[in-house]
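Novice: Predicted model, plus sequence, below.
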Amino acid sequence: MTITSIQTQFITTEGGRVAFEDTGDNGPAILAIPGMGDLRSEYRMLRPVLQQAGYRVITMDARGFGETSATWRDYSARAVGQDAVAVLKHLRVGPATIMGNSFAAGSALWAAQDAAESVNGVVLLGPIVRDLEASFLQKLSLKIGFSGPWKVGFWTMYWNTLFPTVKPADHAAVRAEITRNLHEPGRIDALKAMISLSKADTAAILGKTTVPALIVMGTKDPDFADAVEEARMLAGQLKAETIIVEGAGHYPHTEMPEIVAPKLLSFLDGLKGNGSKSSLRAVA
């Protein structure tokens, strides 16, 4: 499996250029946004499954990473959500379901908040949509890790820990691609800027979100003190359906796509009938 297999397209927005890929099919549209420091290839496991099921899959690089411009005035989740909406409008597709991993789960929520007519549902993968309390050691580790010439290595070492149970067959190749990308001018600075941002603005809209939502959370996601409890709390606020993936880390859709994909398709198929449900399911 190659990391990218569809031609890259670009749109120019105020402040920079956004890169994306589009399968170009005629089915319902899904737009997927990777987490910070990652690439749109994050969705390489889900894309063929979704496409085979009849969905049009659009994957984009977030501000700062991949083939999207490195330097922006604003790296917020809301700004990335606006980029997602701009891609949909450029392609003249929608309403679409927006998937976001980690901080980009907030981008999916902001897109639904700011452009409700363009979004019919959101899928939040390992969502970090509020400020999480960091320990003294975690803060010290970040400060030291991003302070020297080892900062790209520090990040990719941390990224590697986010797959605690299963690493995909092409994991090493993807890690090498992320490393190359972050060595490009401005990209590690974009990552540092994104990490430093508060998510209080995103947390403030959780109770206002009315679009159907699916939360996918791995039980071993190290970004949370208690990933299952985080999922329960967010599900209550969003009235979301939630899938708990036993043993998965921060990338359940990449680590265990064979478990995530069928449940994801069930949620997406429900959106075709404009229906959703709220439940919590543990998936072994």
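Specialist: It's in.

Novice: what residues are up against I6?
Specialist: By C-beta atoms under 8 Å, 6 or more residues apart in numbering, I6 lies in contact with 21-23. Any C-beta I mention is one placed from the backbone N, CA and C, and that applies to glycine too.

Novice: meant to ask about W155, not that
Specialist: 37, 145-146, 182, 188, 191.

Novice: repeat for S198
Specialist: Contacts of S198 by C-beta under 8 Å, 6+ apart are D131.

Novice: Now do the SS call for it.
Specialist: coil (DSSP: H, G, I helix; E, B strand; the rest coil).

Novice: surely G64 meets R187?
Specialist: Yes - counting by C-beta atoms under 8 Å, R187 is a contact partner of G64 at 6.0 Å.

Novice: which residues are in contact with both of these two?
Specialist: Contact criterion C-beta under 8 Å, 6+ apart; residues shared by G64 and R187: A70.

Novice: And the two? Which one has more around it.
Specialist: G64 (26 against 22; other C-beta atoms under 10 Å).

Novice: where does that one land in three-state SS?
Specialist: Here G64 is coil, with the state taken from three-state DSSP.

Novice: what's the answer for the one 10 residues further on, then?
Specialist: Secondary structure of D74, reduced to three states by three-state DSSP: coil.

Novice: How about the contacts made by it?
Specialist: 15, 63.

Novice: Tell me how far it lies from A193.
Specialist: Taking C-beta to C-beta, to the nearest Å as the measure, D74 and A193 are separated by 9 Å.

Novice: Among the contacts of W155, which lie within helices?
Specialist: In helices, defined here by DSSP state H, the members of the contacts of W155 are 145, 182, 188, 191.

Novice: any idea where the helices of the stretch 1-150 of the chain begin and end?
Specialist: Taking DSSP state H, counting those that start in this stretch as the test, the helices found in the stretch 1-150 of the chain are 46-52, 77-91, 104-114, 136-145.

Novice: Give me the helices and strands touching the first one, please.
Specialist: Secondary structure elements in contact with helix 46-52, counted by 3 or more C-beta pairs under 8 Å, 6 or more residues apart in numbering; DSSP states H and E, are strand 29-33, strand 56-60, helix 257-272.

Novice: so which of these gets nearest W110?
Specialist: The minimum distance between W110 and the helices and strands packed on helix 46-52 falls on strand 29-33, with 10.7 Å, by C-beta to C-beta.

Novice: R63 against V80, yeah?
Specialist: Yes - contact criterion C-beta under 8 Å: R63 and V80 qualify, at 5.6 Å.

Novice: And the ones in helices among the contacts of W155, which is the shakiest by pLDDT?
Specialist: Lowest pLDDT of the ones in helices among the contacts of W155: G145, 73.

Novice: what's near enough to touch that residue?
Specialist: The neighbours of G145, taking C-beta under 8 Å, 6+ apart as the test, are 151, 154-155, 158.

Novice: just to revisit the earlier point, same list (the contacts of I6) but as TSV, adding neighbour count and pLDDT.
Specialist: Listed next are the contacts of I6 as TSV, based on neighbours: other C-beta atoms under 10 Å; pLDDT from 0 to 100:
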residue	neighbour count	pLDDT
E21	22	97
D22	20	97
T23	17	95
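
Novice: Does the residue found closest to A116 once you drop the neighbours it is linked to in the chain belong to a helix, a strand or coil?
Specialist: Nearest non-adjacent residue to A116, counting by C-beta to C-beta, 6 or more residues apart in numbering: V211, 7.2 Å away. What three-state DSSP gives for V211 is coil.
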